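J.: output the structure for:
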Amino acid sequence: MQTSYSVARIRDAERQALASGRRLMPLAGAAAARFVAARAGPQAPVLAVAGPGNNGGDALEAATLLRAMGRDVRVLLPAGAQGLPADAARAHAGWVAAGGATLSVPEPGFVPGLVIDGLFGIGLNRPLGAGWQALVDTVNGWGVPVLALDVPSGIDADTGKALGRPIRARWTLSFIARARGLAHAPADVLGESHVDTLGVAMPEEGGA
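T.: Presented below is the predicted three-dimensional model:
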């Protein structure tokens, strides 16, 4: 049984790591890129779907590294780059500097071989808006493998409740620690649950 933690405790561990000078987003992006490279064929086009927060930054970092590996990677950034937090904005700048193109809507007729879900992560606490729900429905409609970063988008990370129709992931890769809501999320939404601590220690007592 994997130990799981509240979003507040994961955020606290994240803040402490950042305060000590650790840059976590590049580490998360590298972990996601390694995960994808080990599971997607070298010719499979990858679509990184990046949301408006730091989860999107993780997806952008992963996309940049996969592109450097010679992979066919595209980025979908529906909300645009203007409002991204500082670290995610740096990740976006790195993607652009590497020659990556950023889409605002899915390309007509394009179906990727694998999707990186970097829409909301542990930050979602309200129902998906109509535009986001339509995008999630499109991704689910493709029927391709999805790697969700932290939490499948559309799931409340603390409770596991669906906030709309969530992304159906084949794998969920949690960073730092597993959010407690994943213990209650439907198996066909969560997929296989994996954790990469990014070298950040969580206290053992009081989990779950």
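J.: make sure residue 92 is indeed in a helix.
T.: Yes: using DSSP: H, G, I helix; E, B strand; the rest coil, the assignment for residue 92 is a helix.
J.: correct me if wrong: it contacts residue 102.
T.: Yes: counting by CB atoms under 8 Å, residue 92 does reach residue 102; the two are 7.5 Å apart. Every C-beta, even on glycine, is put in place using the N, C-alpha and C of the backbone.
J.: now the common contact residues for the two.
T.: Residues touching both residue 92 and residue 102 (CB atoms under 8 Å, 6 or more residues apart in numbering) are 77, 81.
J.: more crowded one of the two?
T.: With neighbours defined as other CB atoms under 10 Å, residue 92 and residue 102 compare such that residue 92 has more, 24 against 17.
J.: may I have the residues that are in contact with the spatially closest residue to the more buried one that is not a sequence neighbour?
T.: In space, and not counting its chain neighbours, residue 92 is closest to residue 81: 4.8 Å by CB to CB, 6 or more residues apart in numbering. By CB under 8 Å, 6+ apart, the contact set of residue 81 is 89, 92, 102.
J.: beta partners for the last one?
T.: Here residue 102 shows beta-bridge partners residue 75, assigned using DSSP bridges.
J.: can you pull the contacts of it?
T.: Residue 102 makes contact with 75-77, 81, 92, 95-96 under the criterion CB under 8 Å, 6+ apart.
J.: and those, which two are the farthest apart?
T.: Greatest spacing in the contacts of residue 102, by CB to CB: 76 and 96 (14.4 Å).
J.: in terms of packing, which of the two has more residues around it?
T.: Set residue 76 next to residue 96 and count neighbours by other CB under 10 Å: residue 76 wins out with 26 against 15.
J.: noted, bye for now.
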